[in-house]
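J.: when you get a sec, could you give me coordinates for this:
(one chain, ligands or ions: 1)
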Amino acid sequence: MSIGLKPIPLKELKALSAPKKWEVKGYLDDLASLTPIKGVLIAEHQENSLLIKARLQTIVSLKCDRCSNGFNQNLKFDGKELIWISKENDLDVEIHLDELVECIDPLDKFEPEKWIFEQLNLQMPILNICSDSCPGPPISNNMEASFHEKGDNGSKDLDPRWSPLKKLL
Ligand SMILES: [Zn+2]
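T.: This is a model prediction of the structure:
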């Protein structure tokens with residue numbers, strides 16, 4: 001399933017008299033969202049750049065890194081990106097390094113769905129924490145873990161600083 005936004009050649013965007021606007025509503029294969037991704041996406045071909053503006057929203061289901069409970073997270077993107085239109089070879093390397101701009105070949109296509117996927121993916125939390133009142137790791141798991149550690153044959157109790165010596169023996 002996809003949103004159904006087809007890639008559009010830059011040449012075609014350039015020929016338009018007004019910015020191209022898409023209504024976004026649907027699911028992406030690579031983004032397991034609970035609700036459809038909704039919003040608007042606008043692509044405007046400027047002299048030597050492509051200006052992409054978007055307002056997107058969806059809800060994803062994540063698993064808490066601390067307590068392992070599932071929870072729902074709002075994903076929102078409201079912003080813009082300027083993509084440099086240039087052939088790789090033409091591109092001034094210094095500009096490229098200084099501004100870390102995205103670059104697209106003039107003969108290439110703009111892929112709305114790929115762009116949406118990338119932007120929403122960037123909004124994903126680095127650490128998934130269910131809420132401020134996260135109960136933390138399940139207690140039973142904790143006890144089990146410490147039991148296993150102590151129940152080991154004792155090698156783990158050795159001060160790690162001694163381990164290089166142990167190897168010599
Ligand atoms: Zn949690």
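J.: show me where the chain has helices.
T.: 10-15, 93-99, 112-122, 139-151, 163-168 (DSSP state H).
J.: run a quick neighbour tally on Ala43.
T.: Residues contacting Ala43 under the criterion other C-beta atoms under 10 Å number 21. All C-beta spots, glycine's among them, are computed from the backbone N, C-alpha and C.
J.: what does the pLDDT read for it?
T.: Confidence at Ala43, expressed as pLDDT, is 98.
J.: who does it bridge with?
T.: Assessed by DSSP bridges, Ala43 has beta-bridge partners Lys20, Ile52.
J.: got a list of what it touches?
T.: Shown in contact with Ala43 (C-beta atoms under 8 Å, 6 or more residues apart in numbering): 8, 13, 19-20, 22, 50-52, 110, 112.
J.: ok, now with 6 Å
T.: For Ala43, the contact set (C-beta atoms under 6 Å, 6 or more residues apart in numbering) comprises 13, 20, 52, 110.
J.: any residues of this structure in contact with the ion? List them.
T.: Proximity of the chain to the ion is confined to 64, 66-67, 130, 134 under the rule C-beta under 5 Å from the ion.
J.: contacting residues for Asp132?
T.: Asp132 neighbours (C-beta under 6 Å, 6+ apart): none.
J.: how close does it get to Ser17?
T.: Distance, Asp132 to Ser17, using C-beta to C-beta, to the nearest Å: 50 Å.
J.: kindly report the same for Asp29.
T.: Asp29 is 33 Å from Ser17, by C-beta to C-beta.
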